[in-house]
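Asker: Here's my sequence, what's the structure:
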Amino acid sequence: MNITRFTDTARFSLTDSAPVAVPLGTPVSVTSVHAVERQDGVETGIWECTPGRWVRQIKEQEFCHFISGRCTFTPDGGEPIQIQGGDALLLPANSTGVWDIQETVRKSYVLIYR
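Answerer: Numbers count the residues shown, from 1 in each chain. Presented below is the predicted three-dimensional model:
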């Protein structure tokens, strides 16, 4: 059995940092992540993002639990969704739209590659 466990997710050290791929103006958000890829088509991790606006590029289905911060996700053709620490969200595969991070966000996530 392959169990992935993250402890103290609010302070867990994140390693890889990079600017977002498709920023919309300034400031340009920077993301940090600690990901654990598994061979069964699932990736889990902890992700953090600084303030800014950008286009969502992930095509996989994603479940995420927001640990801290405040942001808005506006799906293409949909209404804005206000999100803050403590909220959880399921994004269907191929969900596109715009992230607007108002206060640095940290979340744990699960990506499903199927």
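Asker: When you work out contacts or count neighbours from here on, use the C-alpha atoms and nothing else.
Answerer: Will do.
Asker: can you count the residues close to the closest residue to residue 62 other than its chain neighbours?
Answerer: Of all residues not flanking residue 62 in the chain, residue 111 sits nearest, at 4.6 Å (CA to CA, 6 or more residues apart in numbering). When neighbours are defined as other CA atoms under 10 Å, residue 111 has 20 of them.
Asker: does residue 111 count as helix, strand or coil?
Answerer: Following DSSP: H, G, I helix; E, B strand; the rest coil, residue 111 is assigned to strand.
Asker: How about it: which residues does it bridge to?
Answerer: residue 43, residue 62 (DSSP bridges).
Asker: Residue 82 too?
Answerer: Beta-bridge pairing for residue 82 (DSSP bridges): residue 72.
Asker: Please report the distance of it from residue 102.
Answerer: Per CA to CA, to the nearest Å, residue 82 is found 10 Å from residue 102.
Asker: Show me which of the two is the more surrounded one.
Answerer: Comparing residue 82 with residue 102 by other CA under 10 Å, the one with more neighbours is residue 102, at 16 against 12.
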